[in-house]
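A.B. asks: below: sequence and its predicted model.
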Amino acid sequence: MPDPQTPPRRDPIDPPRRLSAHVEAAALTPGLYLVATPIGAARDITLRALDVLNSADMLAAEDTRVLRHLMDIHGIPLRGRRILAYHDHNGDRARPALLAALARQDSVAYCSDAGTPLVADPGYRLALDAAQAGARVHALPGPSSALAALSLAGLPSDRFLFLGFPPSTQAARLTWLRRWLAVDSTLILFESPRRVNRTLADLCEIDPNRTVVVARELTKKFEEVIRGTAAALAADPHMAELKGEVVMVLDRPAEAVMDEDRLRAVLAEHLGRMSVKDAAREAATQLGLPRRDVYQLALSMAQDDDA
C-alpha cells in the first residue's frame, strides 16, 4: 500500500501543467483602465493588472506584440478579443474606436510598452478625452523606471521633479539644463544611451561637481547603477558605450555662498544691456543664488547709477 504521506509519482515526460488564476473573467466597472506594466522582470506586474487584462472588454497597447507576449507569459487568454494599437503616430486615428467603446459602457485597458502610461509614454490625450466624455478613468499603479531609479539613487527623495527627455541639440539642452539645475529639487530625466556622455559634458559646463546617478536596464539581467560627479562620469569612457534604457538622477544644488564682488560684477554686465528684473534673473541662474536677494542688489545698483 502506498504511503499516504508520499506524493504521487509523476512520469518524467509528463511535466507539471501550467496553471493560471486568471482564466475566469469577471465583469469590470466600465471605463478606461491605465495599466502599469513591468519595465523588465515580467513578475513585477500586479495581480490587479492581470485581472484587468483578463477581464477588459477591449485591449489597447502602444505595441500589440509586447502586450500579447506579456499576456502569454501570465497565461491570460484573448478569448476572441483583439488588441488595438494606440501610440503617438496613430493616436488621432485610433482614439475614436476606444472612445466609442467607452460610450457603450465597455471596459478598456490600455498599456504602454513598459512602466506607467502617460509618464513619458502615450496615453495623455486618450485619458483626457475619455474624462471629458464622462467616462471613468482608473489608474492601476505599478512599475515606473523613474521612481525605481529615485529609490536606488541614494539622493534626497522628499522633493523631486521628473523632466522626461532633454532636448537633443546641444544649445537647447544647455539652456534646458541651466533652467532646471537651479531648481532646489532632485531631478529625474530619461536619456538615450547614445547621448548620456553628451549630457554629462553639458552638465560639466554648468556644475561639474553635481552628483549624478546613471541607472540603466533597471530590473533586467544587466542592471547597472553608476554614481559620481558630473565631471567624474564625463571622464569615464564607459559612458559612451551604454546600452539599453537609461534614467539619470541629479542631486539638488549645493547651498550657494554669495560672493558679493562676483555678483556685482555679473550684475553690472547684465544691467548694461537689460532691465533690472531680467538682469537679476540671469545673474541668479548663472550663479545659483536666490533670485529675490539678487534682485534687491540689482535694484540698489540701478538706483545708485541713476543717482
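C.D. replies: Cool, the structure landed.

A.B. asks: buried stuff in stretch 285-296?
C.D. replies: Of all the residues in stretch 285-296, those buried under the rule 16 or more other C-beta atoms under 10 Å are 285-289, 294-295. For the C-beta atoms, the positions are set from N, CA and C on the backbone; glycine is no exception.

A.B. asks: of all pairs in these, which one is the farthest apart?
C.D. replies: 288 and 295 (15.0 Å; C-beta to C-beta).

A.B. asks: C-alpha coordinates for stretch 186-206, CSV please?
C.D. replies: Once non-C-alpha atoms are left out, stretch 186-206 reads as follows in CSV (Å, rounded to 0.1, in the frame of the first residue of the first chain):
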residue,chain,number,x,y,z
THR,A,186,16.3,66.1,-7.0
LEU,A,187,15.9,65.8,-10.8
ILE,A,188,14.9,62.7,-12.8
LEU,A,189,15.4,62.5,-16.5
PHE,A,190,15.4,59.9,-19.3
GLU,A,191,18.2,59.9,-21.8
SER,A,192,19.1,57.9,-24.9
PRO,A,193,22.2,55.8,-24.1
ARG,A,194,23.9,57.4,-27.2
ARG,A,195,23.6,60.9,-25.7
VAL,A,196,24.4,60.3,-22.0
ASN,A,197,28.0,61.3,-22.4
ARG,A,198,26.9,64.5,-24.2
THR,A,199,24.5,65.4,-21.5
LEU,A,200,27.3,64.8,-18.9
ALA,A,201,29.6,67.0,-20.8
ASP,A,202,27.0,69.8,-20.8
LEU,A,203,26.5,69.3,-17.1
CYS,A,204,30.2,69.9,-16.6
GLU,A,205,29.9,73.3,-18.2
ILE,A,206,27.3,74.3,-15.7
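
A.B. asks: so where's the stretch 201-307 of the chain uncertain?
C.D. replies: 256-258, 307 (pLDDT under 70).

A.B. asks: any chance you could map the helices in the chain?
C.D. replies: 47-55, 64-73, 91-103, 124-132, 145-153, 170-181, 196-206, 230-234, 260-271, 276-287, 291-306 (DSSP state H).

A.B. asks: of all those, which lies closest to residue 212?
C.D. replies: helix 230-234 (5.2 Å).

A.B. asks: just to revisit the earlier point, any chance of the helices of the chain in JSON lines, plus distance to residue 28?
C.D. replies: Formatted as JSON lines, these follow (distance: least, C-beta to C-beta, whole Å):
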{"stretch": "helix 47-55", "distance to residue 28": "5"}
{"stretch": "helix 64-73", "distance to residue 28": "16"}
{"stretch": "helix 91-103", "distance to residue 28": "12"}
{"stretch": "helix 124-132", "distance to residue 28": "15"}
{"stretch": "helix 145-153", "distance to residue 28": "26"}
{"stretch": "helix 170-181", "distance to residue 28": "40"}
{"stretch": "helix 196-206", "distance to residue 28": "41"}
{"stretch": "helix 230-234", "distance to residue 28": "46"}
{"stretch": "helix 260-271", "distance to residue 28": "59"}
{"stretch": "helix 276-287", "distance to residue 28": "49"}
{"stretch": "helix 291-306", "distance to residue 28": "50"}
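
A.B. asks: nothing else from me, thank you.
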